[in-house]
Structures are given as C-alpha cells and as structure tokens.
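Visitor: Return atomic coordinates for the entry below.
(one chain, ligands or ions: 1)
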Amino acid sequence: MTAIAQRASGRRRRSGRPGIWARLSRNHLAVVGLGIVAGMCVLALMTPLLPLADPNATDLAARLKRPFTDGHLLGTDQLGRDMLSRILWGARVSIAVGAVATIVAATIGSLIGIVAGFYGRWLDNTLMRGVDMLMAFPYMLLALAIVAALGPGLLNALFAIAIVNIPFFARSVRGVTISLVRLEYVDAARMSGLGNGRILFSEILPNVVPVIVVTMSTTLGWMILETAGLSFLGLGAQPPQADLGSMLGDGRKLAITAPHVATIPGLVILVLVIGINLLGDGIRDVLDPRLKSGALSRPRAMTEVAPAAMSQPERSAHSNAALALDRLSTEFRIGHDVYHATRDISFQVAPGECVGIVGESGSGKSVTAMSVLGLVPTPPGLIAGGQVVYQEENLLAAPLPRLQQVRGGQIAYVFQDPLTTLNPLYTVGDQIAETVERHQGLSRRDAWQRAVELMESVHIPDAAGRARAYPHELSGGMRQRIVIAMALANDPDVIIADEPTTALDVTIQAQVLKLLDELRRKHNAALVFITHDFGVVSEICDHVQVMYAGEVVESGRVQDVFERPLHPYTRRLMSCIPQLGRGRNPIAAIPGLPPAVNDLPPGCPFAPRCDVATAACTPRPISLAPHGEGREVRCIRPGESPA
Ligand SMILES: Nc1ncnc2c1ncn2[C@@H]1O[C@H](COP(=O)(O)OP(=O)(O)OP(=O)(O)O)[C@@H](O)[C@H]1O
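Guide: Okay, the predicted model is just below:
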C-alpha cells in the first residue's frame with residue numbers, strides 16, 4: 001500500500017460510521033430522554049439506601065403539609081406520610097411493573113409473531129386469529145376485564161397490561177418475519193441443510209431483534225401509563241403498597257384543598273413517560289438509519305433547490321444543446337453530515353446525440369440524472385448550485401407545475417428497474433395510455449390506441465394483446481421495452497436512460513441498446529445514457545463523461561477517449577472490459593474503494609487507488625482542464641501510464 005493509500009484508508013477508518021452512542025448523542029432530545037430515564041432509574045435503585053422516612057408511616061398530626069415544610073421536602077399526604085419517600089418508592093414500583101410487563105409482552109408477542117410468520121399456514125392462521133380476538137376488544141376495557149377476573153393487585157395489573165400489549169409485538173414481528181422468510185439468504189440457509197430451529201435463530205431472529213427493541217422502547221412509556229391508569233382506578237397497587245397511579249388516585253379527592261398530593265405524582269408520571277418516549281424515539285432512529293436519512297419519509301414533489309442554483313442562463317449560451325448542465329452540484333444533508341454526491345457537473349447534449357455517463361457504483365451518475373428533473377428525494381437531497389438549461393430556461397428555478405409538464409413530456413426518464421417503476425396492479429397498456437392522456441389530453445380510447453402503437457414501435461410482438469398484460473406477466477426485456485415506450489409516449493426532446501440494461505442478459509441488452517439507438521435517431525432525441533459499462537458506452541454513445549466520487553474526471557468523444565484515455569481512472573475502467581480473443585488474460589480490477597463523499601480528501605479523490613499518483617496529487621483540488629480538441633481531464637499527469 002502506498003503512503004497516499006495508507007493516509008486515505010486511515011482517514012476512511014476515522015470517518016467510518018459512528019457507533020450507536022455517538023449517533024444517539026447527536027439527537028439532543030434523546031439525550032434529554034436518556035438523562036431523565038437514567039436519573040429516575042438511579043433514584044429508584046438507590047431508594048432503599050437513601051435516608052428517607054418510612055413511606056407507610058402515618059402521622060395524622062402532620063397531615064397535608066405543603067412542600068418545603070420542615071423535614072418534608074415534598075410535603076405530606078392525607079395520612080401525614082412523607083411524599084418524597086412515597087414518590088421514590090412509588091416510582092420504583094411503577095418503573096419495575098412497566099418494565100416487566102414490557103418484557104413479558106415482548107417475549108410472548110414476538111414468539112407468536114416469529115412462529116406465525118415463519119411457519120405460516122394453519123399455525124399462522126390459528127395464532128393470528130387469537131391475536132385478532134385480543135385486538136377486537138377495546139383496549140382498556142380488556143385490561144379492566146382481566147383484572148376483574150383475576151382480582152385487584154399489582155401483579156394482576158401487570159399481567160393484564162402485558163396481555164393487552166401482546167398483539168402489538170405479535171403483529172409487527174410477524175410482518176417482518178414474513179418479509180424475511182422470502183429472502184434469498186433464508187432459502188440459501190435452507191438449501192445448505194439448516195433445520196428450521198437453526199434458521200430461526202441464526203437468520204431470522206438477529207434481523208427481528210431491532211424491531212423488537214424499537215417496539216419495546218416505544219411501548220414502555222405507554223405500559224407505565226396503563227399500569228398507573230389501573231392503579232388510579234383502584235385495581236393495581238393495593239394499600240399500603242403504592243405506585244404513582246394509586247397516589248394520583250388517592251390525591252384526586254384533595255385536588256382543591258391540597259393540590260400537591262395529586263400534582264406531584266402526576267408530574268413524575270409525565271416527566272418519566274416523556275423521558276422514555278424521547279429515548280425510545282432516539283433508539284428507533286439509531287436502530288433504523290433509514291428514518292434518520294429520510295429514506296422512509298415521503299419526499300417532496302421536487303428536489304429542494306438552493307437560491308444559488310436559481311439564476312437564469314445567459315441567452316444563447318447553450319443555443320445548440322437540447323439539454324445543458326452547468327456546474328450542477330447536488331448534496332444530501334443527513335444529521336450534521338453533508339454528502340457531496342455530485343460537484344460541478346457540466347456537459348451538454350445536442351438533438352440526436354448520445355452522451356454517456358460512466359463510472360463505478362456510487363460515483364454520482366443517477367444523482368446527476370435525477371437532479372435534471374428535480375427527482376432527487378428531499379429530504380435529504382438539496383441541489384446546491386449550478387443550472388440545468390432546457391430551451392433557454394433553468395429548470396432548477398422552474399415551479400413545480402412547469403417541471404411536471406417537462407417530466408415525461410419533453411424530457412423522459414427511463415429508470416433502472418422496470419419492475420419497481422411499473423405499477424403491478426395495472427396493465428402495461430393502461431400505464432402507457434395514462435402517460436399519453438395526461439400530457440396530450442387524448443380520450444381514453446385514443447390513448448389506448450396510441451399505447452398499442454408505441455408498443456409496436458418498440459418491437460413488442462402482438463402489441464394489442466400484450467397491452468392487456470400485467471407487468472409480472474412479461475419478461476425483463478419486454479418490461480424494459482414498455483418503460484421505453486412510456487418514455488417515447490410524448491415524443492420527448494431528451495431521453496435520460498439510467499442503466500436501462502443492467503438487469504438484462506447480454507442478448508436482450510444488445511436488443512434494447514439497438515432499439516434506443518434507432519429511436520433517438522428516428523425521433524432526433526438527445527439521449528443521456530447512464531451506465532457503469534464502458535463496453536455499452538462504445539456501442540451507443542457519441543460523447544462520454546467519466547465520473548468518479550461525484551466529479552467528472554474526463555470527457556470527450558467516445559472514439560478519442562477509447563483510443564487514448566487520459567485519466568488513470570478511465571484507463572483502469574477500460575481495462576475492466578473483457579476482450580474477445582483474450583479470454584485467458586485476467587481482467588484488471590481497480591484495487592480499493594472510492595472515498596466517502598462526506599469526507600473527501602483535499603486533493604484528487606482517485607489518488608489512493610491510482611498507479612501514477614505522486615505527492616503533488618493530494619494537497620489541493622485538481623480542476624478539469626481542456627486537453628486537445630473537445631476533451632477535458634482532471635489530472636496533473638494526463639495520459640501517463642505506470643513505468
Ligand atoms: N437518498 C440518498 N441519501 C443519501 N445519500 C444518497 C442518496 N442517494 C444517493 N446517495 C449517495 O449519493 C452518491 C451518488 O449515488 P448515485 O446513486 O448517483 O450513484 P451511481 O453512480 O448512480 O451508482 P449506481 O451505479 O450504483 O446506481 C452515493 O455516495 C450515494 O450513497
């Protein structure tokens with residue numbers, strides 16, 4: 001490993017994903033919650049050791065003393081018992097009962113959920129119908145009925161609360177288990193000869209545990225409240241034992257004459273439950289990073305754009321281009337981290353021309369393409385700077401209605417995986433017709449006719465019959481053609497195809513490439529083609545932009561770049577293409593990994609993996625510089641090969 005590589009990998013280690021505590025500590029509300037819960041638990045544990053009065057010792061002469069009276073920090077109750085002592089002993093009982101009820105409900109509920117989800121069939125039916133019966137009763141009424149049947153008392157209240165919460169655990173754990181059971185790695189475990197028990201413990205349980213922990217952390221506060229509710233009604237803690245709920249119940253008759261008797265236990269319940277809930281939310285965010293990154297939140301209809309990216313282009317600056325990107329930069333803001341996914345991307349594509357964007361996974365190809373139509377999800381995405389010029393207008397400054405007109409109308413997008421972009425519940429004909437109807441205002445009948453024509457134009461045999469098929473009834477290549485037909489529906493000026501052939505075998509891949517090439521020539525549409533495969537670029541593209549770690553590192557005519565790659569990354573990427581007749585030559589994979597885009601090195605990000613890097617590559621950023629006709633490269637040693 002070179003010194004540069006060592007430095008970079010050291011940096012990567014330091015910038016590695018922060019641990020659970022570090023992530024929890026970034027959530028200020030969770031820290032407050034943790035402080036409250038930890039403080040309460042320490043006090044509850046230390047209560048027997050503290051120099052407190054006997055919580056049950058009555059002193060009628062000292063009844064209903066106000067807080068801060070001599071010897072009674074929180075006053076006394078109607079029997080002259082010390083409130084501070086009773087609150088601490090009561091909180092101890094409430095926390096213990098809530099925690100034990102949570103553990104009991106989580107254990108039984110999760111067991112039911114895992115077994116039902118894993119074994120399915122009659123076992124699932126039987127267990128889930130039982131759970132449904134529990135859920136069919138109003139919640140608190142069921143708890144009351146159970147305590148009434150078992151008799152009042154703290155232990156019975158605990159059982160009642162645990163029983164009514166079992167369905168929550170059972171339902172959520174069953175759902176997760178069902179989705180896991182269908183995954184390939186579980187099938188692989190089964191095929192490798194593991195029994196059901198081993199699969200449950202080694203494959204399913206570890207993936208279900210975070211769900212159980214999250215559900216527990218968010219249910220604990222609720223369980224403490226419910227226990228307090230039962231005690232408040234006189235069905236939980238029985239005198240002389242007290243918990244926070246029974247103290248609240250005792251104090252309610254004195255709300256006017258001695259409000260502190262009810263207010264203090266009420267406030268303690270409030271603070272305790274708020275603390276547990278804040279901590280529970282924090283734990284959920286830590287265990288499910290998708291929540292923190294915004295991946296589960298509903299994105300806005302268009303990407304947020306910083307004011308710096310809203311200026312209008314100078315007239316005729318890109319007059320020959322169907323689409324021009326000018327210093328486009330997009331980032332993701334997650335917590336305190338900023339991920340610079342793409343930086344200063346500039347290129348243009350003329351009508352009838354194809355520009356390829358090529359690079360490794362994570363180099364920023366899709367983010368560049370999605371930024372054009374404001375499709376990067378916000379949160380956490382933000383277009384931080386630059387322009388996307390279409391018909392002398394900066395689309396980044398366009399309002400949503402204008403953008404919606406352009407999306408799928410003048411600029412069409414072919415997504416990577418047609419199975420996830422096509423709606424499984426509608427026929428493919430319906431979905432193409434909808435695109436036509438929406439943009440061209442045709443009648444349903446005419447739109448359907450147009451859908452069939454479009455399917456014919458992408459060479460789908462028996463188009464009229466196939467239009468009535470659902471996406472799952474078509475092959476992968478056929479589905480990709482449907483998505484291309486949808487893209488063509490409104491005769492777009494620009495087609496952006498995001499790795500449209502990745503999921504296809506080579507024969508179908510070649511057919512789809514030929515089709516796209518034929519269509520762009522026929523319709524004189526500009527094509528932006530995203531791929532990680534240089535071989536595909538050579539087949540279809542006129543120009544290429546090579547991306548690495550969010551930046552264009554080289555651009556030029558495909559033929560020129562192929563004949564003489566200038567950037568060491570391009571050279572290494574091209575040497576990954578298998579060549580006919582050189583079957584025995586090993587393919588030279590690029591060692592190492594791209595840098596994390598939230599912790600980029602100051603100089604060339606490729607330097608740690610580069611075979612011609614020197615110390616001069618790392619201290620400062622390297623700009624994209626012209627190099628011969630129509631070519632640009634971001635390297636201080638362009639075209640050099642290792643000695
Ligand atoms: N929703 C998101 N939240 C946070 N980071 C994201 C999000 N989407 C993309 N990124 C980051 O942006 C960077 C560029 O991702 P992008 O999807 O553009 O890569 P790509 O080159 O298209 O990769 P692939 O070929 O695998 O699709 C990556 O570092 C990725 O982790």
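Visitor: From now on I want contacts and neighbour counts done on CA atoms only, so please keep to that.
Guide: Will do.
Visitor: these two touch, right, Leu442 and Thr435?
Guide: No. Counting by Cα atoms under 8 Å, Leu442 stays clear of Thr435, with 10.2 Å between them.
Visitor: So between those two, which is more surrounded?
Guide: Thr435 (20 against 15; other Cα atoms under 10 Å).
Visitor: Name the residues that touch the helix or strand encompassing that one?
Guide: Element membership of Thr435, judged by DSSP states H and E, is helix 428-440. For helix 428-440, the external contacting residues (Cα atoms under 8 Å, 6 or more residues apart in numbering) are 405, 408-409, 422-423, 442-444, 447-448, 450-452, 466-471, 482, 485-486, 489-490.
Visitor: Report the buried members of those.
Guide: 408-409, 422, 447-448, 450-452, 466-467, 469-471, 482, 485-486, 489-490 (16 or more other Cα atoms under 10 Å).
Visitor: among those residues, which are in helices?
Guide: In helices, defined here by DSSP state H, the members of the buried ones among the contacts of helix 428-440 are 447-448, 450-452, 466, 482, 485-486.
Visitor: who are the neighbours in contact with Ala489?
Guide: Contacts for Ala489 were tallied using Cα under 8 Å, 6+ apart; they are 432, 435-436, 451, 454.
Visitor: measure it to the ligand for me?
Guide: In this view, Ala489 and the ligand are 25 Å apart by Cα to the nearest ligand atom, to the nearest Å.
Visitor: May I have the phi/psi pair for that residue?
Guide: phi -50, psi -40 (degrees, to the nearest 10).
Visitor: pLDDT wise, what is the residue in the stretch 401-550 of the chain that the ligand sits nearest to at?
Guide: For the stretch 401-550 of the chain and the ligand, the shortest gap (Cα to the nearest ligand atom) falls at His532, measuring 6.1 Å. Note for His532: predicted pLDDT of 85.
Visitor: swap in Phe347?
Guide: pLDDT at Phe347 comes out at 92.
Visitor: tell me which element it falls in.
Guide: In this assignment (DSSP H and E), Phe347 forms part of strand 337-349.
Visitor: related to what we said a few turns ago, tell me, how many neighbours does the residue of the stretch 401-550 of the chain closest to the ligand end up with?
Guide: Residues near His532, counting by other Cα under 10 Å: 20.
Visitor: Let me see the contact set for Arg407.
Guide: Contacts of Arg407 (Cα under 8 Å, 6+ apart): 373, 413.
Visitor: got the residues of the protein near the ligand?
Guide: By Cα under 6 Å from any ligand atom, the residues of the chain that approach the ligand are 332, 341, 360-367, 597.
Visitor: And the furthest pair within these?
Guide: Using Cα to Cα, the two most remote members of the residues of the chain next to the ligand are Phe332 and Glu360, lying 19.0 Å apart.
Visitor: Counting neighbours, go ahead and name the busier of the two.
Guide: Phe332 (23 against 17).
Visitor: any idea which element that one lies in?
Guide: Following DSSP H and E, one finds Phe332 within strand 323-334.
Visitor: Does anything pack onto that strand? Which helices or strands?
Guide: strand 337-349, helix 365-372, strand 381-390 (3 or more Cα pairs under 8 Å, 6 or more residues apart in numbering; DSSP states H and E).
Visitor: then that strand to PDB, C-alphas only?
Guide: Only the C-alpha atoms of strand 323-334 are listed here, as PDB (Å, rounded to 0.1, in the frame of the first residue of the first chain):
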ATOM      1  CA  LEU A 323     -30.100  20.000 -22.700                       C
ATOM      2  CA  ALA A 324     -27.100  21.600 -20.900                       C
ATOM      3  CA  LEU A 325     -25.900  21.000 -17.300                       C
ATOM      4  CA  ASP A 326     -23.800  23.800 -15.900                       C
ATOM      5  CA  ARG A 327     -21.800  23.300 -12.700                       C
ATOM      6  CA  LEU A 328     -24.600  21.200 -11.200                       C
ATOM      7  CA  SER A 329     -23.900  20.200  -7.600                       C
ATOM      8  CA  THR A 330     -26.200  18.000  -5.500                       C
ATOM      9  CA  GLU A 331     -25.800  17.000  -1.900                       C
ATOM     10  CA  PHE A 332     -27.500  15.000   0.800                       C
ATOM     11  CA  ARG A 333     -27.800  16.500   4.300                       C
ATOM     12  CA  ILE A 334     -28.100  13.800   6.900                       C
END
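Visitor: List the buried residues of that strand.
Guide: For strand 323-334, burial by neighbour count (16+ other Cα under 10 Å) applies to 323-333.
Visitor: and of the residues you listed, the nearest to His260?
Guide: The closest of the buried residues of strand 323-334, once distances to His260 are taken by Cα to Cα, is Arg333, at 46.9 Å.
Visitor: what sits against that closest one?
Guide: 339, 379-382.
Visitor: 7 Å instead?
Guide: Residues near Arg333 by Cα atoms under 7 Å, 6 or more residues apart in numbering: 339, 380-381.
Visitor: where exactly do the helices run in the stretch 151-300 of the chain?
Guide: 154-181, 184-191, 196-199, 205-232, 244-251, 260-287, 289-293 (DSSP state H, counting those that start in this stretch).
Visitor: what's around Val612, how many residues?
Guide: When neighbours are counted by other Cα under 10 Å, Val612 comes out with 15.
Visitor: Just to check, it is in contact with Pro642?
Guide: Yes. The criterion here is Cα atoms under 7 Å, and Val612 meets it with Pro642 at 5.5 Å.
Visitor: Where is the longest helix in the chain?
Guide: The longest helix of the chain (DSSP H) is helix 83-119.
Visitor: Off-centre distance for it?
Guide: 30 Å (Cα atoms, centre = their mean, to the nearest Å).
Visitor: Okay, buried residues for it please.
Guide: Buried residues in helix 83-119, counted by 16+ other Cα under 10 Å: 83-102, 104-118.
Visitor: next one: stretch 30-45
Guide: Quick answer for stretch 30-45 (16+ other Cα under 10 Å): 30-34, 36-37, 40-41, 43-44.
Visitor: Sort out which one of those lies nearest Val164 for me.
Guide: Val37 (24.3 Å).
Visitor: so who does that closest one touch?
Guide: By Cα under 7 Å, 6+ apart, the contact list for Val37 reads 272, 275-276.
Visitor: Also Gly356?
Guide: For Gly356, the contacting residues are 528-530, 537, 541, 543-545, by Cα under 7 Å, 6+ apart.
Visitor: Those: which two are farthest apart?
Guide: Farthest pair in the contacts of Gly356 (Cα to Cα) is Ile530 and His543. Separation: 11.9 Å.
Visitor: and the angle from the next helix or strand after the strand holding Phe347 to strand 337-349?
Guide: Going down the chain from strand 337-349, the next helix or strand is strand 354-358, by DSSP H and E. Here strand 354-358 runs at an angle of 150 degrees relative to strand 337-349 (axes from the mean of the first three to the mean of the last three Cα atoms, to 10 degrees).
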